[in-house]
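Chemist: I would like to see how this sequence folds:
(one chain, ligands or ions: 1)
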Amino acid sequence: MSTTQDKQLSDMKISEVLIPAEKVAHVQLNNPLEHALLVLMKSGYAAVPVLDATYKFAGIIGKTVILNEVLGIESFEMERLSEIRVMDAMAANVPTLTRENSLLDGLNASIDHPFVCIVDKDGYFDGILTRRAILKQVKKDIYMNAYKK
Ligand code: 2BA
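Modeler: Have a look, this model is predicted:
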């Protein structure tokens, strides 16, 4: 049986390289932007998924969007961080895939997105597919094909 080690990217499914939900930093729809900014700063990520109270995927929130929300005419109005909720600032219209999608589908989506959120058939959050995971597989493919010649 072939393992992830020797599989071609074109034969792989997203489930084989997914970062599972329990390892992904996230925030919730009702959180104030202040909490979201804290999660982003502490984790070091530029953007993280947003989930509802039942762990269904709702969107993505990032540092740039948060800072834009509190940017006034001449200064940042930091008190607004506690007044605005994540649901009012997040990007909701982002593509999602399922763990059964091919890694090639993931590669296509990752051209425009640093990470793609993976959901199950009912919309529950399953994890993320990162550019890093895809690039590692692309590198393996290139090395494997070069070695075959
Ligand atoms: P960024 O935060 O812009 O991170 C860009 C790349 O920088 C990451 O690429 C990774 O290679 C590196 N990096 C950033 N912060 C890191 C950290 N705390 N630990 C290790 N490496 C770090 P990718 O791994 O391809 O991730 C793409 C994007 O996926 C990230 O963009 C972030 O928005 C999101 N992401 C990745 N892992 C996550 C996780 N465990 N929880 C939440 N979001 C995650």
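
Chemist: pretty sure Gly123 is touching Ala58, no?
Modeler: No. Counting by CB atoms under 8 Å, Gly123 stays clear of Ala58, with 9.0 Å between them. The way it works is simple: take the backbone N, C-alpha and C, and place the C-beta from them, glycine included.

Chemist: Those two: who's more crowded?
Modeler: Ala58 (23 against 14; other CB atoms under 10 Å).

Chemist: Now do the same contact list for that one.
Modeler: 29, 50-52, 87, 90, 92 (CB atoms under 8 Å, 6 or more residues apart in numbering).

Chemist: In this structure, where is pLDDT below threshold?
Modeler: Filtered on pLDDT under 70, the chain yields the residue ranges 1-5, 149.

Chemist: Just the buried positions in stretch 65-83, please.
Modeler: 65-66, 69-70, 80-81 (16 or more other CB atoms under 10 Å).

Chemist: Ile60 - that's part of a helix, no?
Modeler: No. Assessed with DSSP: H, G, I helix; E, B strand; the rest coil, Ile60 is strand; it does not lie in a helix.

Chemist: Which strand residues bridge it?
Modeler: Note on Ile60: beta-bridge partners by DSSP bridges are Pro49, Ala91.

Chemist: what's the distance between it and Val86?
Modeler: From Ile60 across to Val86, the span is 10 Å (CB to CB, to the nearest Å).

Chemist: quick one: common contacting residues for the two?
Modeler: Val50.

Chemist: Ala36 - that's part of a strand, no?
Modeler: No. Applying three-state DSSP, one finds Ala36 to be helix, outside a strand.

Chemist: Now do the contacts for it.
Modeler: 27, 48, 61, 66, 86.

Chemist: What is the burial count for the closest residue to it other than its chain neighbours?
Modeler: Nearest residue to Ala36 in three dimensions, chain neighbours excluded: Val27, at 4.6 Å (CB to CB, 6 or more residues apart in numbering). For Val27, the number of neighbouring residues by other CB under 10 Å comes to 24.

Chemist: pretty sure Val27 contacts Leu37?
Modeler: No. When contacts are counted by CB under 8 Å, Val27 is not listed as touching Leu37 (9.5 Å).

Chemist: Just say helix, strand or coil for Ile118.
Modeler: Per three-state DSSP, Ile118 ends up strand.
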